[in-house]
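Peer 1: Sharing a model that was predicted from the sequence below.
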Amino acid sequence: MSEEKKLILIADDDIDYLFQLKIIIESFGYKTITAESQNETEKIIKEIKPDLAIFDLMMENQDSGFILSYKIKNKYPDVPVIISTAVTKETGIDFSSATGESSLIKADLYIEKGINKEKLKFEIQKLLSKK
Amino acid sequence: MKELNLLIVDDEPGIRSGIKRILKSFTVGFPFMAEDFSFNLLEAETGEKALEFINNSNIDIILLDNKLPGIQGIEVLEYINKNNISTEVMMITSYASLDLAVKATNSGAYNFVPKPFTPQELKAAIEAITKHLYLKRMTMEMKKEDKKVKFQFLSVLSHELKSPINAVEGYLNIMKDKQAGNDISDYETMIDRALLRIKGMRSLIMDLLDLTKLESGPKQRHIQAVDLHEIAMLAINSVEPLANQRNIKIYLDADENIYYNSDSKEIEIIFNNLLSNAVKYNKPNGSVNISIKKSDKEIKIIVQDTGIGMTKDDISKLFHDFVRIKNIKTRDITGTGLGLSITKKMVELNNGDINVESIPDEGSTFTVRLPL
Ligand SMILES: Nc1ncnc2c1ncn2[C@@H]1O[C@H](COP(=O)(O)OP(=O)(O)O)[C@@H](O)[C@H]1O
Ligand SMILES: [Mg+2]
């Protein structure tokens, strides 16, 4: 009996980055559904419950990723969320500190953009197995 | 190496010379500071003498004993506070007078070193206060020179520079892993996309060069009579290849001798940006109409296109750094979102104004007015 493939929702307004994530995540053996904007993502969330979501932080809004994370967790509390961002430590904004039980949980994981395949695979597996 | 003036205020000569010995060749450096700090050590044996130093020279840091023969340390501290003197104070007190230490920190002392102290303790205290001083001055500087805006600009810029690098790197990695097959033709679209992203990066660099023009300040402006017709022709020539590719016609309606007193580079930037947008965001077989009209009080430059246009909502966002309108019509057009913001700054440098009218799918009209 083969298990149903898990569905991963990916949102990013950089169409190249989105396309690459899709290819790579599909090569891990998952199904994907993609969106190019916060707006589009919100529409998808209304209809479909993915097994995991990866959101770009900055899309139409500076904090699109956070908004989406909040919305998806409101509707489906058990869907893990990864926020990916190209804004990093050097700029003084430390997103990693926003994780953890104590703070308002905004996402389960923050990753810096630039795809590291092995790490991504590992993190996705880890988050999916927690459920 | 930067030198900070450090004033030691203590009535006991032994303590003063002890502190001098410890700090004589001491330097403080942090990875985030541009340079290390060393200390120019000054001494005062009374509070009165300390005030003299404070009033007559720039003292950066004061190591202040409380128990002094005349006025007390805490009074020196209060004087500093009352007169808004920019100096950081570290109190030296014995553990027996912790109350005083608390009072001192409440009245603005940065911290205190308990007496007796080891050289390590003193050094650690000086290190902390130096860092504090540095950060405080940096924040003040930032506020003063609007560096904050610049900092924000830089963080968005780094984002904008990283995105194409990530995209190109991603495609190269996919090719390296032969993720889409073994045939080079399987990767054609990816190669095209990678090239497009590199092109985008190049235009970002060009826009940044235009921005440096603004940063160099008013002294660097070369004001002269600028031939607007000539500049318009130059701009047309430079967009012509792209216009031809998409069969877009460009028309210029201007008298041959309209001159405007300005820096020709600034006027070039204005024309180049408006014109390249009018072609970039146009439709195949569309057209661009440029008109330059002179009246008694102003020169009006109008660049009108038959392109994709913008909604009211889109227009309200324009003219700020890195703003690009994202929709299905613009997704394959590269750009930086800097052009219009630079243009606006150039127009304002000439005391003019710029505005836009647009109808989605019909076209846009940008109007620049330069006062005479
Ligand atoms: N003539 C135009 N027609 C339609 N949209 C335009 C026009 N000019 C500018 N825009 C919109 O304004 C945005 C900002 O323009 P600009 O600052 O020149 O940046 P860039 O062209 O590098 O994207 C563009 O991304 C585009 O969406
Ligand atoms: Mg432009």
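Peer 2: In hand now; what should we look at? Numbering: from 1, shown residues only, chains lettered A, B, ... in the order given. Ligands and ions are numbered 1, 2, ... in the order given.
Peer 1: per-residue confidence averaged over stretch B:296-308?
Peer 2: Averaging pLDDT along stretch B:296-308 gives 96.
Peer 1: Contacts (any at all) between ligand 2 and that stretch?
Peer 2: No - contact between stretch B:296-308 and ligand 2 is absent, the nearest approach being 11.8 Å (criterion: Cβ under 5 Å from the ion). Glycine gets a C-beta too; all of them are placed from N, C-alpha and C.
Peer 1: Quick check: buried residues in that stretch?
Peer 2: Residues B:Glu298, B:Ile299, B:Ile301, B:Ile302, B:Val303, B:Gln304, B:Asp305, B:Thr306, B:Gly307, B:Ile308 are the ones in stretch B:296-308 that count as buried (16 or more other Cβ atoms under 10 Å in any protein chain shown).
Peer 1: quick one: which helix or strand includes the last one?
Peer 2: Meaning B:Ile308. B:Ile308 belongs to no helix or strand when elements are defined using DSSP states H and E.
Peer 1: shaky segments in chain B?
Peer 2: Applying pLDDT under 70 to chain B picks out residues B:32-33, B:95-96, B:141-152, B:217-219.
Peer 1: For the helix or strand of chain A with the lowest mean pLDDT, buried residues please.
Peer 2: None of the helices or strands of chain A scores lower by mean pLDDT, DSSP states H and E than strand A:109-112, at a mean of 84. When burial is assessed from 16+ other Cβ under 10 Å, strand A:109-112 yields the following buried residues: A:Leu109, A:Tyr110, A:Ile111.
Peer 1: so the second one makes contact with A:Ile83?
Peer 2: Right, the one you point to is A:Tyr110. Yes - counting by Cβ atoms under 8 Å, A:Ile83 is a contact partner of A:Tyr110 at 5.2 Å.
Peer 1: roughly how far apart are the residue located most distally from the centre of chain B and ligand 1?
Peer 2: Largest separation from the mean C-alpha position in chain B: B:Pro69, at 50.4 Å (Cα atoms, centre = their mean). Distance of B:Pro69 to ligand 1, given as Cβ to the nearest ligand atom, to the nearest Å: 68 Å.
Peer 1: Using the three-state scheme, assign that residue.
Peer 2: coil (DSSP: H, G, I helix; E, B strand; the rest coil).
Peer 1: What about it? Give its phi and psi, please.
Peer 2: Dihedral angles of B:Pro69 (phi, psi; degrees, to the nearest 10) stand at phi -60, psi -50.
Peer 1: Next: B:Lys280.
Peer 2: phi -60, psi -50.
Peer 1: For it, the count of nearby residues, please.
Peer 2: A count of nearby residues for B:Lys280, using other Cβ atoms under 10 Å in any protein chain shown, gives 20.
Peer 1: Ignoring the adjacent residues along the chain, who's closest to A:Ile124?
Peer 2: Nearest in space to A:Ile124, with sequence neighbours left out and distances taken as Cβ to Cβ, 6 or more residues apart in numbering or on different chains, is A:Leu52 at 6.3 Å.
Peer 1: Could you point out the helix or strand that follows the helix or strand hosting A:Gly65?
Peer 2: Per DSSP H and E, A:Gly65 falls inside helix A:64-75. Using DSSP H and E, the helix or strand that follows helix A:64-75 towards the C-terminus is strand A:81-85.
Peer 1: do that next one and chain B meet at all?
Peer 2: No - Strand A:81-85 lies out of reach of chain B by Cβ under 8 Å from any Cβ of the partner chain, never closer than 8.6 Å.
Peer 1: Report all helices and strands that that strand contacts.
Peer 2: In terms of contacts (3 or more Cβ pairs under 8 Å, 6 or more residues apart in numbering or on different chains; DSSP states H and E), strand A:81-85 is packed against strand A:52-56, helix A:64-75, strand A:109-112, helix A:117-130.
Peer 1: List just the nearest of the buried residues of stretch B:296-308 to chain A.
Peer 2: Relative to chain A, the closest of the buried residues of stretch B:296-308 is B:Ile308; by Cβ to the nearest Cβ it sits at 17.3 Å.
Peer 1: Neighbours of the nearest residue to the closest one once chain neighbours are set aside, how many?
Peer 2: Spatial nearest neighbour of B:Ile308, chain neighbours left out: B:Lys329 (4.6 Å); criterion: Cβ to Cβ, 6+ apart. Residues near B:Lys329, counting by other Cβ under 10 Å, number 16.
Peer 1: same question, A:Asn116
Peer 2: Neighbours of A:Asn116 under the rule other Cβ under 10 Å: 12.
Peer 1: Please report how far it lies from ligand 2.
Peer 2: In this view, A:Asn116 and ligand 2 are 34 Å apart by Cβ to the ion, to the nearest Å.
Peer 1: Angles on the backbone of that residue, please.
Peer 2: phi -110, psi 100.
Peer 1: B:Glu3 too?
Peer 2: Backbone torsions of B:Glu3, given as degrees, to the nearest 10, read phi -100, psi 130.
Peer 1: ok, and B:Ile168, which helix or strand is that part of?
Peer 2: That one is not Ile; residue B:168 is Val. Following DSSP H and E, one finds B:Val168 within helix B:147-176.
Peer 1: what is the orientation angle of that helix with helix A:117-130?
Peer 2: 100 degrees (axes from the mean of the first three to the mean of the last three Cα atoms, to 10 degrees).
Peer 1: Going by residue numbers, what spans are helices in the stretch 1-150 of chain B?
Peer 2: B:13-23, B:47-56, B:73-82, B:98-106, B:119-145, B:147-176 (DSSP state H, counting those that start in this stretch).
Peer 1: out of those helices, nearest to ligand 1?
Peer 2: Of all the helices of the stretch 1-150 of chain B, it is helix B:147-176 that lies closest to ligand 1, at 10.4 Å by Cβ to the nearest ligand atom.
Peer 1: picking that back up, in a markdown table, list the buried residues of strand A:109-112 along with distance to B:Val9.
Peer 2: A markdown table is the format used below for the buried residues of strand A:109-112 (distance: Cβ to Cβ, whole Å):
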| residue | distance to B:Val9 |
| --- | --- |
| A:Leu109 | 53 |
| A:Tyr110 | 49 |
| A:Ile111 | 53 |
